[in-house]
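*Asks:* everything below, folded, please.
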Amino acid sequence: KKKKWAKGRVKEKKNNAAILMPEDYSSAMKEIPRMKTITVSAVSEKLRITGSLSHRLIRKLAKDGTLKKIYDSGGFLLYTKSAKQIAKEKEAAAKAEAAAAKKGKKGKK
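*Replies:* Presented below is the predicted three-dimensional model:
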C-alpha cells in the first residue's frame, strides 16, 4: 500500500502595508515609544506594516533619542524607551492628573 503524505498547511498571507500615509506615520511615531520592548516584528504586528518599514521607523526614533538600544546584531533589533521618553511620559501623566483634579473641583461648585 502506498503511503499517504500529510497535506501541507498553507499559512494565511499577512496583508501588511508597505507605505505609511501621513496620519499613520504620526500615530506610529506616538505609538512605538509607548511599547515596553521594541522589535521589528512587534512594531510590524501592531501597526500592520512591513518589516522593512518598521525597521526604518525604529532606526529613526533611535536616532532622535526616543529609543535606547539594548541589542542590535544580525538584523535583530531590540530597543526600549529612553530616559528622555520616560520623563516625557511622566510629565504628560502629571499634566493629565492636574487637569482631572481641576475639572473635578469645577464640578463641585
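*Asks:* go through the lengthiest helix in the chain and flag the buried ones.
*Replies:* Across the chain, the helix with the greatest residue count (assigned by DSSP state H) is helix 83-108. If you call a residue buried by 16 or more other C-beta atoms under 10 Å, then helix 83-108 has these buried ones: residue 85. (C-beta placed from N, C-alpha, C; glycine too.)
*Asks:* again with stretch 59-76
*Replies:* Applying 16+ other C-beta under 10 Å to stretch 59-76 flags 61-62, 66-67 as buried.
*Asks:* just flag the most distant two among those.
*Replies:* Spatial extent of the buried residues of stretch 59-76 (C-beta to C-beta) is set by the pair 62 and 66 at 7.4 Å.
*Asks:* ok, residue 71 - contacts?
*Replies:* The contact partners of residue 71, by C-beta atoms under 8 Å, 6 or more residues apart in numbering, come to 77-78.
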